[in-house]
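A.B. asks: Sequence plus predicted model, see below.
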Amino acid sequence: MDIKTLTFLIVGASFVLYIAIAIWARAGSTKEFYVAGGGVHPIANGMATAADWMSAASFISMAGLISFMGYDGAVYLLGWTGGYVLLALCLAPYLRKFGKFTVPDFIGDRYYSQTARTVAVLCAIFVCFTYVAGQMRGVGVVFSRFLEVDITSGVLIGMGIVFFYTVLGGMKGITYTQVAQYCVLMFAYLVPAVFISIMVTGHLLPQTGFGATLADGSGVYLLDKLDGLSRELGFHEYTSGSKSTLDVFCITAALMVGTAGLPHVIVRFFTVPKVRDARKSAGWALLFIAVVYTTAPSIASFARVNMIETINGPTIDAQAATGTAYSEAPSWITNWEKTGLISWDDKNQDGKMFYSGDERNEMKVDRDIMVLANPEIADLPAWVIALVAAGGVAAALSTSAGLLLVISTSVSHDLLKRNLMPNIKDKAELFYARLAAAVAICVAGWFGINPPGFVAQVVAFAFGLAASSFFPAIIMGIFYKRMNSQGAIAGMLAGIGFTTAYIVYFKFVEPAANISENWWFGISPEGIGALGMLVNFAVAFIVFKFTADAPKEIQQLVEDIRYPQGAGEAQDH
Amino acid sequence: MGFKNEEDKKAYWHANLMLMAKLLTVWFVVSFGCGILLVDQLNTIPFFGFKLGFWFAQQGAIYVFVALIFIYMHQMNKLDKKFGVEEE
């Protein structure tokens, strides 16, 4: 069978599986729609959280990013895993004990204020839309390459599938589909990684192959080889970075705190039956995420060596290499040239390709190719390539569904039920939740087909916003029972205002000025959320000093969420 | 239901905060410490085929993170039992 038929078969089979699960697990009440009835097993919830978390960007782009960034890629690895420690220790168990449906629910009730609730709802919706636009695009890209349909049809197929199981199944449908999607995506990520690890280093585990000697008998360590190649070809050394230490520190902090503050991740911990399960589930979630996140940097280094040797020709001395003749180029180069992800410009007219970090360079290589084309670069069997396609689609679908659910919940629950129409019946609320999900899918699809040029820019924004708004407000809400609504609202507004102003200035108003000399303390817009978080805390405490403590009953509520007993199920109102 | 007295409630919360402080210190040291602030110094030490600082930044810290959450879960469940505030 050829690759295309195999891809159709494997991706098609995964779709049938998702839809079957959705029909089996459809939601009958708002509680099932919002938090899956609160009865999800912690390990299943861990898998669902992992699938929710690992987006098309994690699956497709992360290894490629690291491959080009070397050491600096650690900001993503540390940032996107370390946040779970904060989540597990500082947020998840308490929010579960609090036992409502959403993050704005907590902020609104804890700070006894509709203003606080509204600020939180708007942040949640903004953060989720930012994210979901990129996901839909990811589905489109994967489809267009592997199924050879255009991006628009790819996005429409993806929308259809997500529509079906989100609108029908709500959180319950999503949770069980995400469990299946995690299995698909992890398998799809690991299989090529193991193959390549064996090929390059002879090690079964990519994690140990990463630090092993090459299998070509030279006895040279993989990373030493990579450092050598990087030096000779004019790149910065692979194992040391090019960003300033303070910037790496701030970006990592912003991503960690942002991760812990992202509403679609937090809401997953409302779905387990007990506080004990919330703690456990966070551990499993991080374990499942770590499987992929420790493999990614290994893939990054294998792929880089492979790619350089394929293009420049295998030679011990990279300085002496002159390149591979284009006429003898492996088929993946010509295949992927069609998508524009790789291109060759024969500057010195010798008919040979050459890749380097200086003026000799003749190649343009997109970072996404590292995962997508890796099986072809390593010459793996066709079914592995088809599997990667199914994995990419699973990653994009699972994250979109989780985000769309938060958007629909924010509209039907936080905005309608808790704000505008407090007397709404459960049936009607469920109808509005489904309607909101359907509208959100259409909007997301539109963004996927007509991607605004700023998607990449606003991802930093989503994390910065979550870091500078939700995280401090929730932390103070749990650990400082006297904190009042004035302080929390002023803190959130100051944090968001500061972070937004900094990012908008450097990304949209003066993109030309976006260089380290102009940054405050050398902190890039990606890392500014860390500073925004500090601004939030500082302003909140200053305003608090001049206003009255939170009322007694609120302080009592905070004391109650500090121990697990009596958590019961997620509460209706 | 709940704590036997106010002292127990305070002691439970204090124990919880101390455990968090310990684990978050380790969290900070392996990621921000070994992986970022001290990375150049640690990179002079070879660790299998890795430089040690690079290994912490791209592998080691993640393993420690996973362990931290499971340790927290285990210790907290013990603490809940000790004070009689575990879930039924």
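C.D. replies: Great, that's in hand.

A.B. asks: Can you name the helix or strand that the residue nearest the centre of chain B falls in?
C.D. replies: Centroid-nearest residue in chain B, with CA atoms, centre = their mean: B:Leu23, separated by 2.4 Å. Using DSSP states H and E, B:Leu23 sits within helix B:6-28.

A.B. asks: before we move on, back to that, and the pLDDT for the residue nearest to the centre of chain B?
C.D. replies: For B:Leu23, the pLDDT comes out at 97.

A.B. asks: do the same with B:Trp55
C.D. replies: For B:Trp55, pLDDT reads 94.

A.B. asks: which non-adjacent residue is nearest it?
C.D. replies: Closest residue in space to B:Trp55, ignoring its immediate chain neighbours: B:Phe47 at 5.3 Å, by CB to CB, 6 or more residues apart in numbering or on different chains. Placement of C-beta: from N, CA and C, glycine included.

A.B. asks: Identify the bridge partners of that neighbour.
C.D. replies: Beta-bridge partners for B:Phe47, by DSSP bridges, are B:Phe50.

A.B. asks: Tell me how many other residues surround it.
C.D. replies: Neighbour count for B:Phe47, taken as other CB atoms under 10 Å in any protein chain shown: 16.

A.B. asks: One more: A:Glu376?
C.D. replies: By other CB under 10 Å, the residues close to A:Glu376 number 21.

A.B. asks: and what of the one 3 residues further on?
C.D. replies: Applying other CB under 10 Å, we find 13 other residues in the vicinity of A:Asp379.

A.B. asks: That one belongs to a strand?
C.D. replies: No - using DSSP: H, G, I helix; E, B strand; the rest coil, the assignment for A:Asp379 is coil, not a strand.

A.B. asks: Quick check: it vs A:Thr310, distance?
C.D. replies: Counting by CB to CB, to the nearest Å, the gap between A:Asp379 and A:Thr310 amounts to 10 Å.

A.B. asks: ok, now which ones touch the closest residue to chain B within the stretch 351-500 of chain A?
C.D. replies: Closest residue of the stretch 351-500 of chain A to chain B, CB to the nearest CB: A:Phe479 (8.2 Å). By CB atoms under 8 Å, 6 or more residues apart in numbering or on different chains, the residues touching A:Phe479 are A:Cys90.

A.B. asks: What of A:Phe210?
C.D. replies: By CB under 8 Å, 6+ apart, A:Phe210 lies in contact with A:Leu222, A:Leu223, A:Pro297, A:Ser298, A:Ser301, B:Gly49, B:Phe50, B:Gln59.

A.B. asks: For B:Cys34, give me its contacts.
C.D. replies: With contacts defined as CB under 8 Å, 6+ apart, the neighbours of B:Cys34 are B:Leu42, B:Leu52, B:Gly53, B:Phe56, B:Ala57, B:Gly60, B:Ala61.

A.B. asks: If we use 6 Å, what do you get?
C.D. replies: Contact analysis of B:Cys34 by CB atoms under 6 Å, 6 or more residues apart in numbering or on different chains lists B:Leu42, B:Phe56.

A.B. asks: Equivalent analysis for A:Asn306, please.
C.D. replies: The contact partners of A:Asn306, taken as CB under 6 Å, 6+ apart, are A:Ile377.

A.B. asks: how is chain A carved up into domains?
C.D. replies: Domains of chain A are assigned by automatic domain parsing as A:3-299+A:378-452, A:307-366.

A.B. asks: The ones you listed: which one's closest to A:Val504?
C.D. replies: Of all these, it is domain A:3-299+A:378-452 that lies closest to A:Val504, at 13.0 Å by CB to CB.
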